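Student: pasted the sequence and its predicted model underneath.
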Amino acid sequence: MSVQQIDAQWLPQEGETLVFDVNPVLNERHTHYCPGCHHGIAHRLVSEVLHELGVADRTILVAAVGCATFTYDYFNVDGLEAPHGRACAVATGVRRARPESVVFTYQGDGDMAAIGMAESLHAANRGEKITTIFINNTVYGMTGGQMAPTTLLGQKTTTTRQGRDINNEGGPIRMAEIMAQLDGVAYSARCSLDSVKNVRAAKSAVRKAFDVQLQGLGFGFIELLSGCPTNWHLDPIAANKRIAEAMIPVFPLGVYKDVTAGQEAGEAGRE
Amino acid sequence: MSQGQNSSERILIKGNEAVAFGAVDAGCRCYFGYPITPQNEIPEVLSSLLPENGGQFVQAESEVAAVNMLLGAAACGIPALTSSSSCGISLMQEGISYMAGSHIPGVMVNMQRGGPGLGDIGPSQGDYFQAVKGGGHGDHRNLTLAPATAQECYDFMFRAFALAFKYANPVMVLGDAIVGQIKEPVRRVAPADAVSPEALAAMSKDWRLEGFGKRGAGASPRLLKSVYLAEGALAERNRMLMAKHEAMKAECAWECVDVEDAELVVVAFGSIGRIARSAIRQLRAEGHKIGLFRPITLFPFPEEALRAIAPGRRFLVMEQNTGQMVEDVRLALFAQPGITGSSVLWHGIMPGLFIGADALRDPMLQALKEK
């Protein structure tokens, strides 16, 4: 499973221009994700960024629990498995033990914002030099569609059968905004994977979330609004539509903190 | 390693401080912990000692976070430590199980306090079961060492890291409020069987995470995990862990005092073992044939050694709980012809009590009479 050599047949032939490279940081294998799921896009963006930064050979991935448990089967980097919610604590240990490494966690909404809220906020507050990829699809995917901290009000899940009620379950938690409040966070942004335009914006935000780690500026956080057609009981196109029409109004896209910009953007813009 | 001390110099420190010095001298470079009485001197000393020695100290937001930081650092092949006490160790069980399942050599110190629940901050040996039977979910065992003196607190940190790296397994140093708080002279010199930090690093080279680039051209990424979903894969993993637990029996350690002609052998560990020894010395001086067997490794339990001294003797287990190690003593001894329930007596000291040798004298005399 060493870093793959690019087969000659994939290199540009006469008259062709290479516009889309094979990415050696992502393994060539089928994923276990459902059709229409956005994990594949998120993986692609993160692996492209690691490839472009040239840091894959010193990267350590901390995999979480949930749909992304098997992240380490797809990324061609050293990896380890964290207990449910503890990825940011494990990543803290990794980065403290190997300060020269590049460390990232890849976590879902249940992992980061429910069981792992304490570990996530405190690692961020300490300014751990790690990057966290946070997949927000408003539902627990792997366990079969239960309520997540990010579940929208009124959203029906297997544990909110009448729809999430603010008086019983509280409202959806907005992590990008919360992260931006913490001193140790160097970059916090929310992007979406529902359209080509948004995917392109997400790529540069992911890059930025790694840049601040590499520059030693602090914790890099990127929230990616993602589709879960299976547990939303929607086809992939309708799932994308739901992100645009129902999720983005509740989870506004934007950069909530960027210490490299010298000022904060978005609604939390107060230094 | 010995910080310029020669073997004749002794420093007056607490058991907890000895843990901190021992850990750093043994090569520990990362500590993660959350304050809890009666072990606070460990993080307090390490908060300055580790940075001074090029290491990292992190006060975690909880024991759950601390043990998972330990998991991350230890996965990198760096000697790393956490410490806590009883209720804090309960919170750490999740990470301990994951370390056992993922072959990660974490070292944790438990300076036990009275329980169950919040209990009190006095001494106890109530976490014996939790320590030696695994404690977390799933089939796993922790190598468990029980120091009885501040010097052993220092020395056992070397042994803990050596065993953790040898077996790629969690190691628990199981002390209590007495051994953690007692202040006595300690030689800050690496014990004769110490494994150097360089040797520890060599032991981790085949599994540690560092980024594949550090392993030369053509190196493959590594993965440390405990999830095995394919049919039969977890069974195979657990068989391997079982074989590892079996191999650990080579590490059994114990101390025998005055057992050669003893009619009654007291079995006690840690602080109670030490207090029992004082009582036994008194009784010996009065002509009673009584000795001490002190297990030093609680897992693996030194059952062969105990069986070897069993013929013709009776045993009195003394421990500061409501009856835990006595079960392992009975398991070990009842396999021995001629040993019955009446041959293995038990006397418990309740958690939270500070007792002296005098409190153990009467139960010993009583057991000597019960032939």
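Tutor: That came in fine, so what should we check first?
Student: CA atoms for contacts and neighbours, from now on please.
Tutor: Will do.
Student: which residues touch stretch B:39-54?
Tutor: If you take Cα atoms under 8 Å, 6 or more residues apart in numbering or on different chains as the criterion, stretch B:39-54 is touched by B:16-17, B:19-21, B:24, B:29-31, B:33-35, B:56-59, B:83-85, B:111, B:177, B:180-181.
Student: one more time with 7 Å, if that's ok
Tutor: B:16-17, B:19-20, B:24, B:29, B:33, B:56-57, B:84-85, B:111, B:180 (Cα atoms under 7 Å, 6 or more residues apart in numbering or on different chains).
Student: now swap in stretch B:154-161 and tell me
Tutor: With contact meaning Cα under 7 Å, 6+ apart, stretch B:154-161 is reached by B:Ala18, B:Val19, B:Phe21, B:Gly22, B:Ala23, B:Ala26, B:Pro79, B:Val107, B:Val171, B:Pro191, B:Ala194, B:Val195.
Student: how about the fourth one, what does it touch?
Tutor: Pointing back at B:Gly22 there. Listed by Cα under 7 Å, 6+ apart, the contact partners of B:Gly22 are B:Tyr154, B:Asp155, B:Met157, B:Phe158.
Student: now with 8 Å, please.
Tutor: Neighbours of B:Gly22 in contact, by Cα under 8 Å, 6+ apart: B:Cys153, B:Tyr154, B:Asp155, B:Phe156, B:Met157, B:Phe158, B:Arg188.
Student: out of these, who's the most crowded?
Tutor: Neighbour tally across the contacts of B:Gly22 (other Cα atoms under 10 Å in any protein chain shown): the maximum, 33 neighbours, falls on B:Met157.
Student: I'd like the contacts of B:Gly22 laid out as CSV, including secondary structure.
Tutor: Converted to CSV, the contacts of B:Gly22 look like this (DSSP: H, G, I helix; E, B strand; the rest coil):
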residue, secondary structure
B:Cys153, helix
B:Tyr154, helix
B:Asp155, helix
B:Phe156, helix
B:Met157, helix
B:Phe158, helix
B:Arg188, coil
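Student: host element of the closest residue to A:Cys67 other than its chain neighbours?
Tutor: Spatial nearest neighbour of A:Cys67, excluding adjacent residues (Cα to Cα, 6 or more residues apart in numbering or on different chains): A:Met142 at 4.8 Å. Using DSSP states H and E, A:Met142 sits in no helix or strand.
Student: count the residues that sit near A:Met142.
Tutor: 15.
Student: up against chain B, what does the stretch 51-200 of chain A have?
Tutor: Within the stretch 51-200 of chain A, the positions near chain B by Cα under 8 Å from any Cα of the partner chain are A:56-60, A:72, A:76-83, A:86, A:89-98, A:101, A:118-119, A:122.
Student: which of the residues you listed fall within helices?
Tutor: A:Ala89, A:Val90, A:Ala91, A:Thr92, A:Gly93, A:Val94, A:Arg95, A:Arg96, A:Ala97, A:Ala118, A:Glu119, A:His122 (DSSP state H).
Student: how many residues are close by the first one?
Tutor: Read it as A:Ala89. So A:Ala89, with other Cα under 10 Å, has 32 neighbours.
Student: gap between it and A:Gly184?
Tutor: Distance of A:Ala89 to A:Gly184, computed by Cα to Cα, to the nearest Å: 15 Å.
Student: kindly report the same for the fifth one.
Tutor: A:Gly93 is 17 Å from A:Gly184, where distance means Cα to Cα.
Student: how far away is A:Val49 from A:Asp194?
Tutor: Distance, A:Val49 to A:Asp194, using Cα to Cα: 19 Å.
Student: could I get the contacts of B:Gly22 in a markdown table, plus columns for pLDDT?
Tutor: Formatted as a markdown table, those follow (pLDDT from 0 to 100):
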| residue | pLDDT |
| --- | --- |
| B:Cys153 | 98 |
| B:Tyr154 | 98 |
| B:Asp155 | 98 |
| B:Phe156 | 98 |
| B:Met157 | 98 |
| B:Phe158 | 98 |
| B:Arg188 | 97 |
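Student: check contacts around B:Arg294.
Tutor: By Cα under 8 Å, 6+ apart, B:Arg294 lies in contact with B:Trp254, B:Glu255, B:Cys256, B:Val267, B:Ala268, B:Phe269, B:Gly270, B:Gly273.
Student: can you do 6 Å?
Tutor: Neighbour list for B:Arg294: B:Trp254, B:Glu255, B:Val267, B:Ala268, B:Phe269 [criterion: Cα atoms under 6 Å, 6 or more residues apart in numbering or on different chains].
Student: what about it, helix or strand, and which?
Tutor: Here B:Arg294 sits within strand B:290-295, counting by DSSP H and E.
Student: give the next helix or strand downstream of that strand.
Tutor: strand B:297-299.
Student: given that next one, what are its sheet partners and their directions?
Tutor: Strand B:297-299 pairs in its sheet with strand B:143-145 (antiparallel), by DSSP bridges.
Student: contacts for the partner strand, please.
Tutor: For strand B:143-145, contacts defined as Cα under 6 Å, 6+ apart pick out B:Val171, B:Met172, B:Val173, B:Leu174, B:Ile296, B:Thr297, B:Leu298, B:Phe299.
Student: what about residue 39, neighbour count?
Tutor: Picked chain A for this. So A:His39, with other Cα under 10 Å, has 22 neighbours.
Student: could you do chain B instead?
Tutor: 29.
Student: with A:Gly15 instead?
Tutor: By other Cα under 10 Å, the residues close to A:Gly15 number 6.
Student: surely B:Phe315 is within a strand?
Tutor: Yes - applying three-state DSSP, one finds B:Phe315 inside a strand.
Student: which residues does it contact?
Tutor: For B:Phe315, the contact set (Cα under 6 Å, 6+ apart) comprises B:Leu264, B:Val265, B:Val266, B:Ser343, B:Val344.
Student: what about B:Leu91, how many neighbours?
Tutor: Neighbours of B:Leu91 using other Cα under 10 Å come to 18.
Student: next, it: secondary structure please.
Tutor: When states are read from three-state DSSP, the local structure at B:Leu91 comes out as helix.
Student: who in the stretch 201-350 of chain B is up against chain A?
Tutor: B:Gly211, B:Phe212, B:Gly213, B:Gly218, B:Ala219, B:Ser220, B:Pro221, B:Arg222, B:Leu223, B:Leu224, B:Lys225 (Cα under 6 Å from any Cα of the partner chain).
Student: top of these by neighbour count?
Tutor: The most neighbours of any of those, using other Cα under 10 Å, belong to B:Gly211, which has 27 neighbours.
Student: tally of neighbours for the closest residue to that residue other than its chain neighbours?
Tutor: Excluding the flanking residues, the one nearest B:Gly211 by Cα to Cα, 6+ apart is A:Arg58, at 3.9 Å. When neighbours are counted by other Cα under 10 Å, A:Arg58 registers 20.
Student: go on, B:Val227?
Tutor: Neighbours around B:Val227, by other Cα under 10 Å: 15.
Student: could you look up the SS state of it?
Tutor: Applying three-state DSSP: B:Val227 is coil.
Student: what separates it from A:Thr71, distance-wise?
Tutor: From B:Val227 over to A:Thr71 the distance is 13 Å, taken as Cα to Cα.
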